[in-house]
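Colleague: Here is my input; please provide its structure:
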Amino acid sequence: MPDSLQHQIALTLVPQVGPVTAKVLVSYCGSAEAVFRASKRELIKIPGVGPITADCLLSSVPLQSAERELDFLERHDVKALFYTHERYPARLRQCHDCPPMIYFKGSSVELLTERRIVAIVGTRQPTEYGKMLCEEIVEGLKAYNAVVVSGLAFGIDIAAHRKACALDVPNIGVLGHGLSHIYPSQHRSIALKMLENGGLVTEYTHDTKPDREHFPMRNRIIAGLCDALVVVETAVSGGSMISAELANQYERDIFAIPGRAHDLKSAGCNLLIKKEQAKLAESAADIAAALRWDEMDKQKPVQTQLFPDLNPAETSLLNIIREQPEIPIDQLTQVAQLAPGELASLILGLEFKGVIRTLPGKRYMVSA
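Modeller: Below you'll find the model as predicted:
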């Protein structure tokens with residue numbers, strides 16, 4: 001059944017329906033629009049949907065609210081991406097609790113999908129040492145054509161955004177509120193500057209206020225969007241440690257900047273390193289080396305020269321494997337969104353041409 005953006009937005013506005021339930025509903029019904037056309041009897045047969053949730057889905061209020069949201073999107077040039085959309089960030093889609101809908105305002109939505117992404121998080125009250133290292137990392141990432149992601153908060157977040165804007169490094173702020181607001185208001189000028197080469201992302205409709213409970217939810221988007229998450233300075237508890245834990249659950253690479261022993265503002269970073277939950281990093285070069293970016297950059301011109309006869313499907317799959325070295329088969333299936341038979345055929349073809357090689361545990365990487 002055809003889907004519509006209005007119905008997709010409306011589904012995210014239904015009380016009792018969270019990210020997981022929304023995706024279950026779409027899976028059973030076939031589309032967001034089909035969910036709203038289903039009867040109460042049909043809805044309550046779906047796992048996790050009881051009579052109260054079914055009544056909420058049968059209400060006209062979510063659709064009316066979604067219509068107002070559509071008007072805002074059009075007037076303010078905001079992109080709305082449902083999780084089934086081809087331009088929805090593949091990294092984020094891999095996360096079981098990813099938001100069904102995200103809203104993006106900025107220079108290019110492709111920054112969320114087609115570039116290396118490094119998230120930088122840390123305390124809201126950093127030391128001068130922490131701010132200096134944060135800025136050095138952002139500066140170093142420019143050479144690797146990476147996008148910087150953070151949360152536009154005080155401290156390390158805004159230090160990363162400011163430095164990225166100053167160096168014209170693409171950077172994206174993930175918000176815990178709708179796009180009608182900028183919180184904190186002191187960061188409005190930087191947020192507007194980010195729209196020129198980067199943008200703002202949120203899962204919330206435009207009039208959603210920056211309530212306290214939204215910010216832990218925001219952290220999962222920061223962790224889900226990135227290839228790697230860098231913790232600059234943090235205590236042993238707080239938002240940055242939550243982001244690190246989420247990144248660990250999502251199987252992202254985590255890096256921590258070491259600090260002095262007994263320094264409370266570095267205690268979280270030191271703990272992550274001590275427990276081997278994060279790799280020690282002192283520079284962007286450390287991050288690039290761990291992610292093998294230099295090796296991959298050297299391979300790109302060689303691949304273009306040696307394998308000009310790849311078809312579009314093979315090229316697309318090769319790009320995924322190049323961006324995510326040693327990617328396991330189950331993750332590759334999710335990211336590529338291909339049927340198992342089609343994926344197996346493409347992998348066999350790329351192996352035959354010598355473009356990729358298989359590693360133990362059904363993992364794949366681009367051939368040297």
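Colleague: And for Tyr83, the neighbour number?
Modeller: 18 (other CB atoms under 10 Å). Using the backbone N, CA and C atoms, a C-beta is placed for each residue, glycine as well.
Colleague: For Pro89, see how far away it is.
Modeller: Distance check for Tyr83 against Pro89: by CB to CB, to the nearest Å, it reads 10 Å.
Colleague: do Ser60 as well
Modeller: 32 Å.
Colleague: Looking only at neighbour counts, state which of the two leads.
Modeller: Shown here are Ser60 and Pro89; by other CB under 10 Å, Pro89 has more neighbours (25 against 9).
Colleague: shouldn't that one be in contact with Thr113?
Modeller: Yes: with contacts counted by CB atoms under 8 Å, Pro89 reaches Thr113, the gap being 5.3 Å.
Colleague: Give me the buried positions along stretch 240-247.
Modeller: Of all the residues in stretch 240-247, those buried under the rule 16 or more other CB atoms under 10 Å are 240-244, 246-247.
Colleague: Narrow those to those in helices?
Modeller: 240-244, 246-247 (DSSP state H).
Colleague: And the helices in the stretch 251-368 of the chain?
Modeller: Secondary structure of the stretch 251-368 of the chain by DSSP state H, counting those that start in this stretch: the helices cover 267-274, 284-291, 293-306, 312-323, 329-336, 340-352.
Colleague: Which of the ones you listed sits closest to Lys131?
Modeller: helix 267-274 (14.4 Å; CB to CB).
Colleague: Name the SS class of Val230, please.
Modeller: In three-state terms, and counting by DSSP: H, G, I helix; E, B strand; the rest coil, Val230 is strand.
Colleague: and it, bridged to which residues?
Modeller: Going by DSSP bridges, Val230 is paired in beta bridges with Ile120, Phe255.
Colleague: Tell me, please, the helix or strand in this structure that averages the lowest pLDDT.
Modeller: helix 293-306 (a mean of 63; mean pLDDT, DSSP states H and E).
Colleague: Who are the contact partners of the spatially most central residue of the chain?
Modeller: By CA atoms, centre = their mean, the mean C-alpha position of the chain lies nearest to Leu225, the distance being 1.5 Å. By CB atoms under 8 Å, 6 or more residues apart in numbering, the contact list for Leu225 reads 89, 91-92, 112, 117, 119, 149, 172, 174, 201.
Colleague: Please repeat the previous calculation with a cut-off of 6 Å.
Modeller: When contacts are counted by CB atoms under 6 Å, 6 or more residues apart in numbering, Leu225 touches 89, 91-92, 117, 149.
Colleague: Report pLDDT for the residue of the chain most remote from its centre.
Modeller: No residue in the chain sits farther from the centre than Arg41, which is 36.2 Å out by CA atoms, centre = their mean. As predicted, Arg41 sits at a pLDDT of 94.
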